[in-house]
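Asker: could you work out the structure for the sequence below:
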Amino acid sequence: MNDGVNGVALTVFIIFFVAVTAMGFLAARWRKADNEHSLDEWGLGGRSFGTWVTWFLLGGDLYTAYTFVAVPAAIYAAGAAGFFAVPYTILVYPLVFTFLPRLWSVSHKHGYVTTSDFVRGRFGSKGLSLAVAVTGILATMPYIALQLVGIQAVLDVMGVGGGENTNWFVKDLPLLIAFGVLAAYTYSSGLRAPALIAFVKDTLIYIVIAVAIIYIPIKLGGFDEIFHSASEKYAAAGAGGIVPPQAGQWTYATLALGSALALFMYPHSITATLSSRSREVIRRNTTILPLYSLMLGLLALLGFMAIAAGVKVTNGQLAIPQLFEDMFPDWFAGVAFAAIGIGALVPAAIMSIAAANLFTRNIYRDFIKPDATPQQETKVSKLVSLLVKVGALVFVLTMDKTVAINFQLLGGIWILQTFPALVGGLFTRWFHRWALLGGWAVGMLYGTLAAYGVASPTQAHFGGSSKEIPGIGEIGYIGLTAFVLNVVVSVVLTFALRAFKAPEGVDETSPEDYTVDAGDTGVQVELPPATAEAGH
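Answerer: Numbers count the residues shown, from 1 in each chain. So this is what the prediction gives:
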């Protein structure tokens, strides 16, 4: 790693950072509505985004700075096992094509802002809705923290903040400034800010990857030399080489499948989805978003390039920023660092908005202030979005980065347990609300305890997300095992509760709600009880 500050790269980085900051604040005036004091406007951008804005927003949301840093870092450290992210993003789009349009339609009809809104309306259960909301918030927090880890990795490689012995405030000041800017324009502009910035973020990432995939192999002697160097390193380390060892194939397959099922359970994925203006926009996006999977596959190859380039880092998350520092001219390294930095700001903003919407709609309004006005909801959501980011910042500054990564893996196990209630509810009312709550509880408990028992070289607990699958004997993804238990319990309890004629709850949706488009019906905004009563 180079000593001192890379002045040229830092200057380019700052120029881009200032530009997107200005865009973030100006976004408040972009498509400004007459009434901006509602979660529809602040938290969903007025549900007005078309195909391309939604495509960039979802891409900026799902393909984050952490993706940019961690996927090739996994290849760098463990070989082809790190490629699991590529097949799971290929699997996910045919899957979401089947249910996202239905979720958009019913949410458009009833004014749902979150997945918990839908679950409450579908099953008539505030308890199940609360479980989904709390799970979403818990799973999102470490994800936001990892975006800040991505920014910190870039700052470390550029030499910003001094060495390890530097005063903590001076060392972390650049990250604190980036956090402050992110918090300010998210508070001011809501979802419009990351939607506008996503254009810059994705353009930069595509440019950097296109250049890297051509320029770096030329400097390293071609892909033959790159793969040869990688194979030698893996063989020497006993990592299994470029092809995953047979012993790891169950882990690879279950992790890819479980991750595909979980991806669009995250609140930020749904927030970006519900911000689109029509059902057809969602359908088109599920057909063109796989272009990002092509980008991800090329991005993963950077891990092999880092090995061939002789990159040596103690923290694997620094491998790709260090590769850019070593291989690119200083000015283009600055462009690459800006792509990663902005790639952290966009998803962090969407994630904090999504978590805040869950708290506001499904905890604050449902349990604390049922008569909250739209203005009060928006104010609370803005404040909670700030608190969520503060929590993520404290997490990053006070805990080891490995802990942050492993808690994000735990978040993936948790969020997968909301799949039966959300996706199952979109297609059938057969499941009993209490059965779904019981299945969720069993999945959460098993997943958490199983992950707690996994050790790593740096942690005694929560050291990974794979463990032996009961009854099979193969090592597999804990989240998928927990999900299977969740579904089994939900089915068994549904039969039992139906036999005892337990109350079902009221379904406020109707079959035609799941296929309406923007031109078919207006948004039926849910009114707080006091407002609804005043209207009668």
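
Asker: is it correct that residue 417 is in contact with residue 482?
Answerer: Yes. At 6.3 Å, residue 417 counts as touching residue 482 under the criterion of CB atoms under 8 Å. Where you see a C-beta, it was placed from the backbone N, CA and C, and this is true even at glycine.

Asker: in the stretch 401-536 of the chain, which spans are strands?
Answerer: Listed in chain order, the strands of the stretch 401-536 of the chain (DSSP state E, counting those that start in this stretch) span residues 466-468, 475-477.

Asker: now, of those, which is deepest in the fold?
Answerer: Counting by mean count of other CB atoms under 10 Å, strand 475-477 has the highest mean neighbour count of these, with a mean of 23.

Asker: and it, average pLDDT?
Answerer: The pLDDT scores in strand 475-477 average 92.

Asker: how about stretch 384-400?
Answerer: Stretch 384-400 comes out at a mean pLDDT of 83.

Asker: and stretch 15-29, by the same measure?
Answerer: 87.

Asker: give the contact list for residue 509.
Answerer: 106, 109-110, 121-122 (CB atoms under 8 Å, 6 or more residues apart in numbering).

Asker: do that again at 10 Å, thanks
Answerer: 105-106, 109-110, 112, 118, 121-123, 425-426, 429 (CB atoms under 10 Å, 6 or more residues apart in numbering).

Asker: same check on residue 11?
Answerer: Neighbours of residue 11 in contact, by CB under 10 Å, 6+ apart: 330-331, 334.

Asker: of all those, which comes closest to residue 187?
Answerer: residue 334 (28.2 Å; CB to CB).

Asker: could you measure that closest one against residue 502, distance?
Answerer: 62 Å (CB to CB, to the nearest Å).

Asker: neighbour count winner among these two?
Answerer: residue 334 (26 against 15; other CB atoms under 10 Å).

Asker: so what's the more buried one closest to, chain neighbours aside?
Answerer: residue 12 (2.7 Å; CB to CB, 6 or more residues apart in numbering).

Asker: the one you found contacts residue 338, correct?
Answerer: Yes. Counting by CB atoms under 10 Å, residue 12 touches residue 338, with 6.5 Å between them.

Asker: how about low-confidence regions in the stretch 351-500 of the chain?
Answerer: 400-402, 404 (pLDDT under 70).

Asker: mind running it again at 90?
Answerer: 389-410, 454-466, 471-473 (pLDDT under 90).

Asker: list the contacts of the nearest residue to residue 339 once chain neighbours are set aside.
Answerer: Among residues not flanking residue 339 along the chain, residue 204 sits closest, at 3.8 Å (CB to CB, 6+ apart). Residue 204 is in contact with 16, 20, 335-343, counting by CB under 10 Å, 6+ apart.

Asker: could you dump those to JSON lines with distance to residue 199, neighbour count and secondary structure?
Answerer: Below are the contacts of residue 204 laid out as JSON lines (distance: CB to CB, whole Å; neighbours: other CB atoms under 10 Å; DSSP: H, G, I helix; E, B strand; the rest coil):
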{"residue": "16", "distance to residue 199": "13", "neighbour count": "19", "secondary structure": "helix"}
{"residue": "20", "distance to residue 199": "10", "neighbour count": "24", "secondary structure": "helix"}
{"residue": "335", "distance to residue 199": "16", "neighbour count": "20", "secondary structure": "helix"}
{"residue": "336", "distance to residue 199": "18", "neighbour count": "28", "secondary structure": "helix"}
{"residue": "337", "distance to residue 199": "19", "neighbour count": "29", "secondary structure": "helix"}
{"residue": "338", "distance to residue 199": "14", "neighbour count": "25", "secondary structure": "helix"}
{"residue": "339", "distance to residue 199": "13", "neighbour count": "25", "secondary structure": "helix"}
{"residue": "340", "distance to residue 199": "17", "neighbour count": "27", "secondary structure": "helix"}
{"residue": "341", "distance to residue 199": "16", "neighbour count": "26", "secondary structure": "helix"}
{"residue": "342", "distance to residue 199": "10", "neighbour count": "26", "secondary structure": "helix"}
{"residue": "343", "distance to residue 199": "13", "neighbour count": "28", "secondary structure": "helix"}
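
Asker: quick check, residue 482 in contact with residue 415.
Answerer: No. Using CB under 10 Å, residue 482 is not in contact with residue 415; the gap is 11.0 Å.

Asker: pull the longest helix from the chain.
Answerer: When the chain is parsed with DSSP state H, its longest helix is helix 126-158.

Asker: so which elements touch the helix or strand following it?
Answerer: Proceeding N to C from helix 126-158, the next assigned helix or strand is helix 168-189, under DSSP states H and E. Under the contact definition 3 or more CB pairs under 10 Å, 6 or more residues apart in numbering; DSSP states H and E, helix 168-189 sits against helix 7-26, helix 39-42, helix 126-158, helix 192-220, helix 330-359, helix 374-398.

Asker: which residues do residue 417 and residue 482 both contact?
Answerer: 439, 442-447.

Asker: those, buried ones only, as a PyMOL selection?
Answerer: To isolate the buried ones among the shared contacts of residue 417 and residue 482 in PyMOL, judged by 16 or more other CB atoms under 10 Å, type:
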select buried, resi 439+442+443+444+446+447
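
Asker: and which of the shared contacts of residue 417 and residue 482 is nearest residue 8?
Answerer: residue 447 (46.5 Å).

Asker: which residues touch that closest one?
Answerer: 410, 412-414, 416-417, 465, 467, 477-483, 485-486.

Asker: do that again at 7 Å, thanks
Answerer: 413-414, 417, 478-479, 482 (CB atoms under 7 Å, 6 or more residues apart in numbering).

Asker: need the residues you listed in CSV with neighbour count, can you?
Answerer: Converted to CSV, the contacts of residue 447 look like this (neighbours: other CB atoms under 10 Å):
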residue, neighbour count
413, 26
414, 23
417, 29
478, 30
479, 30
482, 26
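
Asker: out of these, who's nearest residue 246?
Answerer: residue 478 (20.7 Å).

Asker: sticking with the residue nearest to residue 425 when sequence neighbours are not counted, tell me its helix or strand.
Answerer: Closest residue in space to residue 425, ignoring its immediate chain neighbours: residue 122 at 4.4 Å, by CB to CB, 6+ apart. Residue 122 belongs to helix 115-123 when elements are defined using DSSP H and E.

Asker: elements contacting that helix?
Answerer: Counting contacts by 3 or more CB pairs under 7 Å, 6 or more residues apart in numbering; DSSP states H and E, helix 115-123 is packed against helix 85-110, helix 126-158, helix 419-427.

Asker: I'd assumed residue 510 was in contact with residue 121.
Answerer: No. Counting by CB atoms under 7 Å, residue 510 is not a contact partner of residue 121; they are 11.0 Å apart.

Asker: and these two? Which one has more around it.
Answerer: Legend: neighbour count by other CB under 10 Å for residue 121 and residue 510, higher for residue 121 (23 against 9).

Asker: got the contact list for that one?
Answerer: 110, 112, 508-509.

Asker: same thing with residue 326?
Answerer: Contacts of residue 326 (CB under 7 Å, 6+ apart): 309, 311.

Asker: what helix or strand does it sit in?
Answerer: Going by DSSP H and E, residue 326 is in helix 319-327.

Asker: quick one: mean pLDDT for that helix?
Answerer: Helix 319-327 comes out at a mean pLDDT of 92.

Asker: any idea how far that helix is from the chain center?
Answerer: The chain centre lies 25 Å from the centre of helix 319-327; the measure is CA atoms, centre = their mean, to the nearest Å.
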